[in-house]
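# let's see this in three dimensions:
(2 chains)
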Amino acid sequence: GAVVSQHPSWVICKSGTSVKIECRSLDFQATTMFWYRQFPKQSLMLMATSNEGSKATYEQGVEKDKFLINHASLTLSTLTVTSAHPEDSSFYICSAPKGDTGELFFGEGSRLTVL
Amino acid sequence: RKEVEQDPGPFNVPEGATVAFNCTYSNSASQSFFWYRQDCRKEPKLLMSVYSSGNEDGRFTAQLNRASQYISLLIRDSKLSDSATYLCVVNGGSYIPTFGRGTSLIVHP
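Prediction:
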C-alpha cells in the first residue's frame, strides 16, 4: 500500500485562486519532505525542502511567497500555490525519505491546471 | 558540472534486448543510491537500491563504482512494459536527494 499519500490528484482552478496540496506520510514520521514540480517531458525539479517545525528551504528561483509550505506535524506537509496562474499548471509531487538510507517514497502527485 | 548526470536518451530497443544506463555523480561523499522508474504522468517508484557489492533483481542489475563515481542499471530481456523513464537518485551526507534528469527507454516489438 501507499507509504506517502498526496491529495488531491487532480485540481482545476481559475486564475487568481489558491490551491492547497497535502502530502502525508502514512506509516512513518517524516521530519523532512520534498516538493517537486514536473512540466511535461521534463525532469523532476526540486522546489523546496519542507522541515517539520521550521521554515521550508526553497530552491533558487522558487518564490516562497507564491508557494507556501507548511509542515506542522511529523506526518503532514502542505503546499499552497497562491494566486495561481496558467504558468503554474504542472505536476506537483511530494516525497519523504524513510529509514537509514533515506529511500524516497513519493506521493501520487497532483496535477494542477489553472485556467 | 551537474551533481547527477544521466544520458536522457531516448534509448530505443527491440524486445529481448539488453540495455544499460549509466549515471555519474559529483559528490564523493554520497552515501546511498537508487534507481527509480517513472511512467508517463505518474510518480516515480523505486526500482532498486544500489549497493556497493552490486545487486540483482530478476532481469535488473545495478552496480556502483565509487572510484569512478557512477552507478549503472542493466536490463536484460527487455519487455514492452519496461518502457519508462529511469531516474538515478543519489543521497549526499545530508540525505537531500539529488535526481538525474532521467533516461527514457522505449522498448518496441
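
# a helix runs through residue B:48, doesn't it?
No. Under DSSP: H, G, I helix; E, B strand; the rest coil, residue B:48 sits outside any helix and is assigned strand.

# any idea how far it is from chain A?
10 Å (CB to the nearest CB, to the nearest Å). Heads up, the C-betas are built off the backbone N, CA and C, glycines and all.

# now residue B:38
From residue B:38 to chain A the distance is 8 Å (CB to the nearest CB).

# what about that residue, neighbour count?
Residue B:38: 22 surrounding residues under other CB atoms under 10 Å in any protein chain shown.

# who's in contact with it?
Contacts for residue B:38 (CB atoms under 8 Å, 6 or more residues apart in numbering or on different chains) come out as B:44, B:45, B:84, B:85, B:86, B:87, B:102.

# is it in a bridge, and if so with what?
residue B:85 (DSSP bridges).

# what pLDDT does it get?
Here the pLDDT value assigned to residue B:38 is 94.

# please enumerate the strands of chain B.
B:4-6, B:11-14, B:19-25, B:32-38, B:45-50, B:55-57, B:60-65, B:70-75, B:84-91, B:97-99, B:103-108 (DSSP state E).

# return the member of the ones you listed having the minimum mean pLDDT.
Looking over those, mean pLDDT reaches its minimum on strand B:97-99, with a mean of 84.

# who does that one pair up with?
Sheet pairing for strand B:97-99, using DSSP bridges, gives strand B:84-91 (antiparallel).

# can you count the residues close to residue 97?
I went with chain A, as the question did not name one. By other CB under 10 Å, neighbour count at residue A:97 equals 22.

# looking at chain B here, not the other one
If you count neighbours by other CB under 10 Å, residue B:97 ends up with 22.

# quick one: residues contacting it.
Taking CB under 8 Å, 6+ apart as the test, what residue B:97 contacts is A:34, A:95, A:97, A:102, A:104, B:89, B:90, B:91.

# if we can go back for a sec, could you flag which of the contacts of residue B:38 are buried?
Neighbour-count burial (16 or more other CB atoms under 10 Å in any protein chain shown) is assigned, among the contacts of residue B:38, to B:44, B:84, B:85, B:86, B:87, B:102.

# the last one contacts residue B:7, doesn't it?
No. In this structure, residue B:102 is not within contact of residue B:7 by CB atoms under 8 Å, at 9.8 Å.

# list the residues that contact residue 72.
You didn't pick a chain, so chain A it is. By CB under 8 Å, 6+ apart, the contact set of residue A:72 is A:52, A:78.

# oops, I was thinking of chain B
Contacts of residue B:72 by CB under 8 Å, 6+ apart are B:20, B:21, B:22, B:23, B:62, B:63, B:65.

# out of the residues you listed, which end up buried?
The buried subset of the contacts of residue B:72 (16+ other CB under 10 Å) comprises B:21, B:22, B:23, B:62, B:63.

# turn those residues into CSV, including distance to chain A.
CSV is the format used below for these (distance: CB to the nearest CB, whole Å):
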residue, distance to chain A
B:21, 14
B:22, 16
B:23, 13
B:62, 14
B:63, 17
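
# closest one to residue A:114 out of those, please.
residue B:23 (33.9 Å; CB to CB).

# and the closest residue to the closest one other than its chain neighbours, how many neighbours does it have?
Leaving aside its chain neighbours, residue B:23 sits nearest to residue B:88 (3.3 Å; criterion: CB to CB, 6 or more residues apart in numbering or on different chains). By other CB under 10 Å, the residues close to residue B:88 number 27.

# so residue B:88 sits against residue B:37, correct?
No. Residue B:88 lies out of contact with residue B:37 (CB under 8 Å); the separation is 11.1 Å.
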